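# Any chance you could fold what I've pasted below:
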Amino acid sequence: MLIQLEVYFSHLLLRYCDARKTDFLQAMSKKVITREEWEKKLNNVKIKKEDMNKLVMNFLVTEGYVEAAEKFQIESGTEPDIDLTTITERIAVKRAVQCGNVMDAVEKVNDLNPEILDTNPQLFFHLQQQRLIELIRNGKVEEALEFAQDELAPRGEENQSFLEELERTVALLAFEDVSNCPVGELLDMSQRHKTASEVNAAILTSQCHKEDPKLPSLLKMLIWAQNQLDKKAAYPRINDLPTAKLEDPSV
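Residues are numbered from 1 along each chain as shown. Reported below is the predicted structural model:
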């Protein structure tokens, strides 16, 4: 048995050494690109100003910065791909949910486009769930129980995931001290923001607009591309995204 263990650990040690050797050789074989070479490559990449302006406008429109979008439209001549008045309406819905005014938010969504809630039962359930949470937050226990039974329970019978979410929400009523409640996070402001973001995304989709701005996606692609390139080369890297400062490669 002792001999077998010695052989086994010898194999492990050899495999470990081979792995470290491979890593060392890969590091030694990496191509080193100087700052001068890298900046020359970057300068050869031509990006149209119009494309950059469209990227900025897309961010302003998606995030709901109406005034900024209007000013940017005038200054750059970049046309938004949706009517800017609809942004104001969308943000009004989002803020209503964030303030706990769910009934007001539902009315605003229906005024904007009744099909949004008619064709999205999950979104409608989450709005009704948020309304139940607000009743519980305000101590309206009897009203909350009645609302849960009349409005949410029938939907829970049709959908198991809805039923589980309803049970988690009603569990809030069993605790006088919410800080000791295992589902107490439902009363956090983050839950309102989560529901508001879901409504915001649904409205954008109904307007044939991407629910997320393109800029964050491009930054994610940049990070992914750098991670892939790290395996093959040492080059001036962007580690601080806000400043986009190039840092010299460590050799």
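# Show the contacting residues for residue 72.
53, 56, 57, 60, 78 (C-beta atoms under 8 Å, 6 or more residues apart in numbering). (Glycine included, C-beta is placed from N, CA and C.)
# give me the element the closest residue in space to residue 112 that isn't next to it in sequence is part of.
Leaving out its chain neighbours, the residue that sits closest to residue 112 by C-beta to C-beta, 6 or more residues apart in numbering is residue 89, at 5.3 Å. For residue 89, the element it lies in under DSSP states H and E is helix 84-98.
# could you pull out the helices for the stretch 51-200 of the chain?
Assigned helices in the stretch 51-200 of the chain, in chain order: 66-76, 84-98, 102-112, 115-118, 121-137, 141-147, 153-158, 160-170, 189-206 (criterion: DSSP state H, counting those that start in this stretch).
# Going by distance to residue 227, which of the contacts of residue 72 wins?
Nearest to residue 227 among the contacts of residue 72 is residue 56, at 26.3 Å by C-beta to C-beta.
# I'd like to know how far the residue nearest to residue 171 when sequence neighbours are not counted sits from residue 151.
Closest residue to residue 171 apart from its sequence neighbours, by C-beta to C-beta, 6+ apart: residue 183 at 5.3 Å. Between residue 183 and residue 151 the computed distance is 19 Å (C-beta to C-beta, to the nearest Å).
# Tell me who's in contact with the residue nearest in space to the middle of the chain.
With distances taken as C-alpha atoms, centre = their mean, residue 212 lies nearest the centre of the chain, 7.7 Å away. Residue 212 sits next to 62, 201 when contact means C-beta under 8 Å, 6+ apart.
# Tell me the spacing between it and residue 50.
Taking C-beta to C-beta, one finds residue 212 at 22 Å from residue 50.
# As a markdown table, the helices of the stretch 51-200 of the chain with mean pLDDT and distance to residue 229 would be great.
Shown next, in a markdown table, are the helices of the stretch 51-200 of the chain (pLDDT from 0 to 100; distance: least, C-beta to C-beta, whole Å):
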| stretch | mean pLDDT | distance to residue 229 |
| --- | --- | --- |
| helix 66-76 | 91 | 32 |
| helix 84-98 | 91 | 38 |
| helix 102-112 | 95 | 45 |
| helix 115-118 | 94 | 42 |
| helix 121-137 | 96 | 40 |
| helix 141-147 | 94 | 55 |
| helix 153-158 | 90 | 49 |
| helix 160-170 | 94 | 41 |
| helix 189-206 | 94 | 33 |
